[in-house]
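> Quick one: sequence plus predicted model below, questions after.
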Amino acid sequence: MTSPLENLVETGVLQKEPTNQREYDGLVSSGIARLSDSRNIDLTIESRFDLAYNAAHALSLAALRRAGYRSNNRYTVFQALPHTLGLGADVWRMLSRAHQLRNEAEYEGYLEVEESFVRDLIVAAEAVEAALATTLR
């Protein structure tokens, strides 16, 4: 039986690419640092959102890269989380919503985000970090 990630290769959504330890380590390091910074309540809510989103993306991309795949689409790294880290829909749906808000901010110049959303985003990013840490690096 073909794996879900292999199915995404067949449709062109993912590309197979050998894991690069240096790239993986850099993504994890960046993700952890950004996640830590996102907890700084002295920063603006927009900065904290940006840091938490990019932390989640870096950590999710690290998991995908470790599995031997690459995506040119930022969103796909979140969709792959059930297959790369075994995370449930609650995590990737939260990250999907954050991705939508990030796109609105990047492409439409509009970001309105609540403190509670940023807290939930941080929790989702922490779940990615924890799952990554419990699997072989």
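Structure's in. What do you need?
> mind showing which ranges of the protein have poor pLDDT?
1, 136-137 (pLDDT under 70).
> longest helix anywhere in it?
Longest helix in the chain, counting residues (DSSP state H): helix 45-66.
> That helix: which residues count as buried?
48-66 (16 or more other CB atoms under 10 Å). The C-beta positions use only the backbone N, C-alpha and C, and glycine is treated the same way.
> again, but for stretch 81-90
81, 83, 84, 85, 87.
> pretty sure the second one is in a strand, no?
Just to be clear, that refers to residue 83. No: applying DSSP: H, G, I helix; E, B strand; the rest coil, one finds residue 83 to be helix, outside a strand.
> That one is in contact with residue 4, isn't it?
Yes: at 4.9 Å, residue 83 counts as touching residue 4 under the criterion of CB atoms under 8 Å.
> what sits against the residue positioned nearest the centre of the chain?
For the chain, the residue nearest the mean C-alpha position is residue 57 (2.6 Å; CA atoms, centre = their mean). Residues near residue 57 by CB atoms under 8 Å, 6 or more residues apart in numbering: 31, 74, 77, 78.
> quick one: which of those sit in helices?
31, 74, 77, 78.
> you'd agree the first one is up against residue 52?
Yep, that's residue 31 we're talking about. No: contact between residue 31 and residue 52 fails when scored by CB under 8 Å: they sit 10.3 Å apart.
> tell me, what's touching these two both at once?
Contact criterion CB under 8 Å, 6+ apart; residues bridging residue 31 and residue 52 by contacting each: residue 125.
> Residue 117: what secondary structure?
helix.
> contacting residues around residue 111?
46, 49, 101, 104, 105.
> Surely the third one touches residue 113?
Spelled out, that is residue 101. Yes: between residue 101 and residue 113 there is a contact under CB under 8 Å: 6.2 Å.
> Many thanks, I have nothing further to ask.
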